[in-house]
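Engineer: I'll drop the sequence and a predicted model, then ask my questions.
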Amino acid sequence: MTEILKLNERINIAIEVGESHFREFKSALEGSPESKKNRDVKDISSDISKTLVAFANADGGELLIGVEDNGTISGCHHSDELLDYIKNSYKEFVHKDTPLQSVKSHILKIENLKIVYFSIPKSDKYIHITSDGRCLQRRDLESVPISPHSISQERNEQLSKRYDRQFVDEATFQDFDSNLLEKVSKQFSQTISSEKYLQHLDLAEFTGDKLIFRKAALLLFAKDINRWHPRCQIRVLKIKGTEVKTGKEYNVIQDNVLSKNIIELIEEGWDIIRPYLTETRFSEDAVFNTQIIYPELACKEALINAIAHRDYSNEGAGIEIYIFDDRIVFKSPGELLSSIKLDDIKKRNGTHQSRNSNVAKVLKDLGFMRELGEGFRRIYELMEKNDFTEPEINSHNGYFHLTLSQKLVYSEKEKIWLEEFNSLNLSREQRTVVRLGANGDLISPQDIWNSVGIVDTEDYRKLLESLKSLDILTSAIPKFEAINFARKNNIDRKKVRRFRIKPPKRETKIIHENTSEKTDDSDYEKIYIGNLNYFSTEEKIRDYFCKYGEVSNVDLPINRYEPTKNRGFGFVEFEDKSVVNNVFEDKLNIEIDDRKIFIRKYIPQKGKKRNFI
């Protein structure tokens with residue numbers, strides 16, 4: 001026979017366990033220990049309403065009136081009439097439009113003292129507020145103020161995170177696109193069946209007599225997605241201008257709607273978007289030129305991100321992509337999860353949490369997504385690499401917006417300067433160096449390394465050679481003068497500004513890339529140093545290695561998130577290759593800032609950024 005937990009037993013256990021996220025005690029007395037008196041019933045009633053509202057807006061809980069914070073039963077000594085008022089006061093002290101429901105309240109005796117007991121479950125119908133307009137929620141041992149919007153967002157978030165894991169009883173294997181499922185299952189393994197593939201991905205379970213499928217399986221592979229989700233779709237709108245107008249001025253010139261399962265939505269959606277990422281213009285020399293106006297990979301990442309992380313529990317909304325004359329906007333249902341902050345995305349911290357964990361896992365296995373958290377970082381890096389302004393992101397009113405702009409990061413002055421070099425069809429790296437030398441400004445080797453993002457001396461040498469072959473880069477200060485200046489001022493030679501960019505002649509003859517002319521900065525010998533103290537400085541490293549020979553440069557990569565620290569490794573470059581041999585002879589004895597430093601020779605190889613031996 002089932003044992004029943006009686007109310008008195010429940011209360012005794014609650015008092016023994018003490019206050020928690022789900023439990024609170026309130027005294028019915030006030031005053032000093034020697035002269036206790038009954039609290040005003042309206043004050044008690046106000047406390048009751050605030051606590052019950054906070055419990056209902058969180059995870060439910062129980063409240064005991066007549067018990068001290070330490071669990072001592074002090075009792076309620078009011079008249080029976082007032083106790084009855086206290087028992088029912090929550091009805092009066094909670095806003096009439098958000099009434100508390102399923103409240104249990106009792107007056108009973110514990111240790112021969114009367115207490116008033118309340119219990120309330122978690123609410124899913126209302127966001128409750130008190131009669132004086134306060135919205136509260138239980139957090140650990142406190143009832144804290146919170147906005148109704150935040151509670152609504154939390155509830156919607158929990159619903160959205162459970163959505164793709166739910167089972168759909170009426171779905172059968174015939175509801176799936178068998179060809180697509182066969183294709184992806186064979187891509188995973190040549191020997192696995194489609195049914196076993198879905199079970200392996202935790203998208204289906206065998207109950208003993210049949211397979212039951214999760215919603216994620218249907219979202220990914222359904223034959224007729226509209227039967228299972230009415231808005232698993234993207235809508236691509238091409239707008240003439242920079243804003244959507246209405247009425248007679250309606251300016252949407254193309255409106256494409258695609259409703260497919262997620263796999264087909266990514267592939268066919270990309271086919272719709274891709275033509276808008278370039279444009280053909282008639283140049284001054286009467287030639288049609290195709291120009292990239294958005295980085296393709298950044299847009300593809302944005303599309304996949306919108307499809308993978310949208311809120312599918314919102315079945316009344318789909319993904320919308322607005323292509324304006326000056327920007328492209330990806331709008332997807334569902335705000336950012338509360339654990340992810342906009343600032344973390346902007347700082348490229350790699351922060352991630354998947355709303356649709358089953359969907360994201362499959363997309364990653366199929367190669368549509370990389371590591372979680374890498375998508376936004378890649379979008380930012382691609383926009384930066386192509387000289388576009390930083391993406392704009394915001395999350396509000398139930399949607400997440402990502403905006404990619406055509407606007408370049410160049411100033412008006414820089415644009416005018418760069419236009420002089422249009423005839424040369426410069427690469428992005430060449431254009432970056434030319435930009436540094438706007439209006440005759442001198443450039444240092446370090447400026448070039450930092451702005452272009454070079455990591456190999458060989459890449460640096462080739463870049464300078466290509467600019468010299470175009471006859472637009474010259475050495476304004478000879479090498480020997482730069483060395484003397486660096487020694488005299490105790491700075492790295494790389495930091496001496498000595499190159500100048502000059503506009504091309506009207507008929508520039510491009511010298512073949514295999515020109516015998518070499519830059520005067522390719523004779524460095526570099527070593528890698530590791531296990532550094534994070535607070536070691538370039539000056540200290542330079543001073544240490546100077547005893548082996550002349551140091552031309554020290555480079556310690558800075559920690560992106562803690563700029564006062566290095567990343568624990570770096571590079572030292574010497575003027576003479578023979579110096580490196582001396583360093584390696586002494587490599588077991590190198591110690592800087594109480595850290596044993598290990599070194600490796602650095603050898604650049606074609607196609608690799610870094611190689612250590």
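Structural biologist: Thanks, I have it.
Engineer: Kindly report the domain assignment for this protein.
Structural biologist: 7-145, 163-227, 233-405, 412-501, 525-601 (automatic domain parsing).
Engineer: Just checking the distance from the longest one to the centre of its chain.
Structural biologist: With C-alpha atoms, centre = their mean, to the nearest Å as the basis, the distance from the averaged C-alpha position of domain 233-405 to the chain average is 14 Å.
Engineer: now stretch 128-148, how far from the centre of its chain.
Structural biologist: 30 Å.
Engineer: Where do the strands of the stretch 51-200 of the chain begin and end?
Structural biologist: Listed in chain order, the strands of the stretch 51-200 of the chain (DSSP state E, counting those that start in this stretch) span 61-65, 104-110, 113-120, 136-139, 142-145, 167-168.
Engineer: Kindly provide the distance from residue 8 to residue 15.
Structural biologist: According to C-beta to C-beta, to the nearest Å, residue 8 and residue 15 sit 11 Å apart. To be clear about C-beta, it is placed using only N, CA and C from the backbone, and glycine gets the same treatment.
Engineer: so what sits against both of the two?
Structural biologist: Residues touching both residue 8 and residue 15 by C-beta atoms under 8 Å, 6 or more residues apart in numbering: residue 110.
Engineer: out of these two, which sits in the busier spot?
Structural biologist: residue 15 (20 against 13; other C-beta atoms under 10 Å).
Engineer: That one against residue 66, yeah?
Structural biologist: No - the criterion here is C-beta atoms under 8 Å, and residue 15 misses it with residue 66 at 10.4 Å.
Engineer: Next, show the common contact partners of the two.
Structural biologist: Common neighbours of residue 15 and residue 66 (C-beta under 8 Å, 6+ apart) are residue 73.
Engineer: one step back: format the strands of the stretch 51-200 of the chain as TSV; extra columns: distance to residue 481, mean neighbour count and mean pLDDT.
Structural biologist: As requested, the strands of the stretch 51-200 of the chain are arranged in TSV below (distance: least, C-beta to C-beta, whole Å; neighbours: other C-beta atoms under 10 Å; pLDDT from 0 to 100):
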stretch	distance to residue 481	mean neighbour count	mean pLDDT
strand 61-65	78	23	93
strand 104-110	89	14	92
strand 113-120	82	21	94
strand 136-139	67	21	90
strand 142-145	67	13	90
strand 167-168	77	14	92
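Engineer: okay, those in JSON lines with distance to residue 50 next?
Structural biologist: Formatted as JSON lines, those follow (distance: least, C-beta to C-beta, whole Å):
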{"stretch": "strand 61-65", "distance to residue 50": "10"}
{"stretch": "strand 104-110", "distance to residue 50": "16"}
{"stretch": "strand 113-120", "distance to residue 50": "12"}
{"stretch": "strand 136-139", "distance to residue 50": "6"}
{"stretch": "strand 142-145", "distance to residue 50": "6"}
{"stretch": "strand 167-168", "distance to residue 50": "40"}
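Engineer: can you list the weak-confidence ranges in the stretch 151-300 of the chain?
Structural biologist: Along the stretch 151-300 of the chain, segments meeting pLDDT under 70 span 279-292.
Engineer: what do you get for the stretch 451-600 of the chain?
Structural biologist: Scanning the stretch 451-600 of the chain with the threshold set as pLDDT under 70 gives 453-456, 506-524, 560-561.
Engineer: Can you give me the neighbour number for residue 259?
Structural biologist: For residue 259, using other C-beta under 10 Å, the count is 17.
Engineer: Surely residue 300 and residue 270 touch.
Structural biologist: Yes - using C-beta under 8 Å, residue 300 is in contact with residue 270, at 6.1 Å.
Engineer: Neighbour count for these two, which is higher?
Structural biologist: Comparing residue 300 with residue 270 by neighbour count (other C-beta under 10 Å), the higher total belongs to residue 300, at 21 against 15.
Engineer: Just say helix, strand or coil for residue 328.
Structural biologist: Counting by DSSP: H, G, I helix; E, B strand; the rest coil, the backbone at residue 328 sits in strand.
Engineer: For the residue lying closest to it once chain neighbours are set aside, pull up the helix or strand it's in.
Structural biologist: In this structure, residue 328 finds its nearest non-sequential neighbour in residue 404, 5.1 Å apart by C-beta to C-beta, 6 or more residues apart in numbering. Assigned by DSSP states H and E, residue 404 belongs to strand 399-405.
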